Each structure stands twice: as structure tokens, then as C-alpha cells.
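# Okay, sequence plus prediction incoming.
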Amino acid sequence: MPELPEVETIKRTLEPKLTGQSFTEALIYLPTIIRIPGIEEFKKEIVGQKIKSISRRGKYLTINLSNNLALIFHLRMTGRLIYCHADEPIVKHTHLILKLDSGNELRFIDVRQFGRIWLVSVQKLNTVSGLKDLGPEPFDKKFTREFLKKELRRRRTRIKPLLLDQTFIAGLGNIYADEALHRARIHPEKLACNLTARETSKLFITIREVLEEGINNRGTTFRDYVDGNGQAGSNQELLQIYNREGQPCLKCKTTIVRIKISGRSSYFCPSCQKE
DNA sequence: CCGTAACCCTGCGTGC
DNA sequence: TGCACGCAGGGTTACG
């Protein structure tokens, strides 16, 4: 599941390879993944465009093109963006191939077909669903301890779903939200407004810690995630709580529990994270 | 404002 | 061995 650290890793692996190249052709195998524009316009508009830079906002990856065009990807759960040579065999679930003038290609592969792609002018970024409503970036100056404290105080929702709410804070997904809560010793069902000042301060720190470690370890690979070169990450080896139901907490040996909160799995330690 | 659930989709684990 | 079934999950949308 590509969350902020995974998308950031893809960005960092693709940027040096793609920058300066131009798209020469688009092969679309699954039209539904492209939200804007229609597939014929998509092909027509992208051919000849030069790649200026790559950027990330939350879990959205944007390839900034000449003529103020933005090619935007959201990988959702199983989406992959891979840079490879045109000779590489085309694997199952390859939905889009963008050919480059170097003879290499950028391929979009997605087993579950949840990923989405937009090609829009930068003036129309607000037509990309979700993008304009994103909350602050966890590493942005605007995301401060005071901001978190203020926002949590007025929210009467449970802390776990709030951390997953991309309009609240951008980039956290199920893995890193659970890791941040465990490290801050906060029960995932605790009401946001009931967090103590100490807990809020700790959470502010641990959100950044788990994301930074995820980036340093080049992402978490359970099954599908790989970087822009097709390489798996290693952060899964360092997770303390996620996907460890029935196993002992690494801090206190208590058996880790999994519950459903708003339809999402939440892993936590009943001893370290009391309600 | 908040919670829940359905939806999109395929692979995989389980039970018969 | 094979089939049916349920689950997994990010984000959007609908509804109470």
C-alpha cells in the first residue's frame, strides 16, 4: 500500500531517470484508470511533452510536464510505476505504457485496478479528486505541534480514522498510522479531543518518526509495493505493530490485537495502548 | 460533524 | 483438486 514513504521513494527513484526526457507514445490497455481526459485526448496531449520535474503531495505523484501540464498518479493499494527498458517483458496487469525518447518506458501496473491517473493543465489541478482538499504535509512547516493540538481538541472522532483522513493530514495510511499510535502509546479508538497534551506532543513526534524511517528504509513491501526501479523496500522488517496480530508486543510481550475501526484493520497492543 | 457501509477489483486463504 | 466464499484495502460517495 503506497503511503507517503512509498510514494516519496518512487518519486526519488524516478526523478533522476525521467527528468529531461520526452514522451513519444502512450499505450493504454485499461482506459478506466485514466480519469481525465478521454483516452484519445490523453494520447494526443502527452506525446511530445518533456518532463520537467516530479513532485509528491500526500500520496499523489505528479510528473510536471512542459506547457504547464501535470500527469498525476494515485497508486491506491496495488499500483506500481516502473521505469524500465522497452525490452522488458510486459507483466500481467500492465494498464499503461508511456514510451520515452531514450528507448525506455514508464509503466503503470495495478492488480486491483484502483489506481487513478489524470492529465490536466496546472490551472485545473482542482479537478483532480482529493488533491485540493489534502491536509498539511507532515514535514511541512505548517504542520506544527500547535496545529495538531488545536485540531485534535475540536474533533470528536476517534484518533485512528482521523489520521487516515487525508483532508486532516496528508500521506498517512493504515501501516504508518498504526505504527505512530503504537509508538505514542495511544489507543486507536481514543477520541481525538480526549488526547492529553503529552499524548498529542508524542504523536506529533512519532508521526514524523515513522514516516522518516519509512523513507530511509525505502518503503514497506508486503506484497505489491516496489520503487520506480522495481525494487522492494525493507521497512516491513522494522514494523512494531502492523500485521502482527497474535504476536507478542516487542515492548511488553503482550499479544497484539487486531480490531476493525470504520471498516479498517487496526493493530494495537492492549497494554501499551490503553483507552 | 460523525459513523457506517457500499463500491471499485483481484488474489489468496479457508472450508467443504 | 476444485469450487464457493469472504476478506483485504484507499478513497469517494451516499445516507442516517
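All right, it came through fine.
# For the rest of this, base every contact and every neighbour count on C-alpha atoms.
Fine.
# From the structure, what's the count of residues near residue A:233?
21 (other C-alpha atoms under 10 Å).
# oh sorry, the question was meant for residue A:87
For residue A:87, using other C-alpha under 10 Å, the count is 9.
# which SSE is it in?
For residue A:87, there is no helix or strand it lies in under DSSP states H and E.
# State the distance from it to residue A:224.
Residue A:87 is 22 Å from residue A:224, where distance means C-alpha to C-alpha, to the nearest Å.
# tell me, how many neighbours does whatever residue of the stretch 51-200 of chain A ends up closest to DNA strand C end up with?
Closest to DNA strand C within the stretch 51-200 of chain A is residue A:130: 2.9 Å, counting by C-alpha to the nearest atom of the strand. Residues near residue A:130, counting by other C-alpha under 10 Å, number 11.
# quick one: pLDDT of it?
pLDDT for residue A:130: 87.
# Give the full set of residues in contact with the nearest residue to residue A:209 once chain neighbours are set aside.
Closest residue to residue A:209 apart from its sequence neighbours, by C-alpha to C-alpha, 6 or more residues apart in numbering: residue A:180 at 7.9 Å. Neighbour list for residue A:180: A:203, A:206-207, A:209-210 [criterion: C-alpha atoms under 8 Å, 6 or more residues apart in numbering].
# and residue A:180, how far is that from residue A:234?
Counting by C-alpha to C-alpha - residue A:180 and residue A:234 are separated by 18 Å.
# the helices in the stretch 101-250 of chain A, which residues?
A:145-153, A:159-164, A:174-183, A:197-216 (DSSP state H, counting those that start in this stretch).
# From the rest of the structure, what touches the second one?
Helix A:159-164 is touched from outside by A:168-169, A:172-174, A:177-178, A:181, A:188-192, A:261-262, with contacts defined as C-alpha under 8 Å, 6+ apart.
# Residues of the stretch 1-150 of chain A that sit close to DNA strand B?
Counting by C-alpha under 7 Å from any atom of the strand, the residues of the stretch 1-150 of chain A lying close to DNA strand B are A:111-114.
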